[in-house]
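*Asks:* what follows is a predicted protein model with its sequence.
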Amino acid sequence: MKSEPDVYSIEDLARDGRGEWEGVRNYQARNFMRDEMRVGDLVLFYHSNAKPPGLAGLARVCREGYPDSTQFDPKSPYFDPKAEPAAPRWFRVDLEHVETFERLISLAELREERALEGMRLLQRGQRLSVQPVQERYFQHALQMAGAKTRL
DNA sequence: GCCAACGTTGGC
DNA sequence: GCCAACGTTGGC
């Protein structure tokens, strides 16, 4: 999952312990949160629009997809006037902090890694903020980060 | 700030 | 349903 650290960083998640992944307004990303993600799933936390961008840490799904209340809040930047409470359009999951990597694994470094060839995150024009990671790529990323957590 | 690569909107 | 115009993402 991608987040701009100026908006919400891995350090913010570490401080909060857990957080609501609100504000996703892309249907494909929504579908992953609503239909695919399960409690206990590990999540690579990616800092986008950062200097440098890259993998910052690990989180875990602690609540499965449910309606994102910000879509109904006119004061929220994520307000969607077309969303109906009876048929919510946007969903979020809750995440809990697992670990912050000792160093950020930059996008440039990920791109240099032969073992990550084919990883969706690295594909051209790829900009989904929520996307699945194949197990072998996930394992390799954990290894690069010297993560304490194992899959 | 630039711009490629999408995704969405809305006229027809 | 098509597609041009517009908006967004996000690396560089």
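*Replies:* Looks like it came in fine.
*Asks:* so is stretch A:1-12 next to DNA strand C?
*Replies:* Yes. Stretch A:1-12 reaches DNA strand C (C-beta under 7 Å from any atom of the strand) through A:2, A:4. Any C-beta I mention is one placed from the backbone N, CA and C, and that applies to glycine too.
*Asks:* before we move on, what about stretch A:56-70?
*Replies:* No. Using C-beta under 7 Å from any atom of the strand, stretch A:56-70 never reaches DNA strand C; the gap is at least 11.7 Å.
*Asks:* now that stretch, how far from the centre of its chain.
*Replies:* 8 Å (C-alpha atoms, centre = their mean, to the nearest Å).
*Asks:* sort out which residues of stretch A:140-149 are buried, please.
*Replies:* A:140-142, A:144-145, A:147 (16 or more other C-beta atoms under 10 Å).
*Asks:* what is the nearest of these to A:Val133?
*Replies:* Closest approach between the buried residues of stretch A:140-149 and A:Val133, by C-beta to C-beta: A:Ala141, at 7.6 Å.
*Asks:* in helices only, show me the buried residues of stretch A:140-149.
*Replies:* A:140-142, A:144-145 (DSSP state H).
*Asks:* related to what we said a few turns ago, and the two most separated of the buried residues of stretch A:140-149?
*Replies:* Farthest apart among the buried residues of stretch A:140-149 by C-beta to C-beta are A:His140 and A:Ala147. That separation is 10.8 Å.
*Asks:* give the residue farthest from the middle of chain A.
*Replies:* Relative to the centre of chain A, and counting by C-alpha atoms, centre = their mean, the farthest-placed residue is A:Ala86 at 26.8 Å.
*Asks:* and it, how far from A:Asp80?
*Replies:* 14 Å (C-beta to C-beta, to the nearest Å).
*Asks:* quick revisit: out of the buried residues of stretch A:140-149, who's nearest DNA strand C?
*Replies:* A:Ala141 (14.7 Å; C-beta to the nearest atom of the strand).
*Asks:* tell me the contacts of the nearest residue to A:Glu4 once chain neighbours are set aside?
*Replies:* Excluding the flanking residues, the one nearest A:Glu4 by C-beta to C-beta, 6 or more residues apart in numbering is A:Asn49, at 4.5 Å. Applying C-beta atoms under 8 Å, 6 or more residues apart in numbering, we find A:Asn49 in contact with A:4-6.
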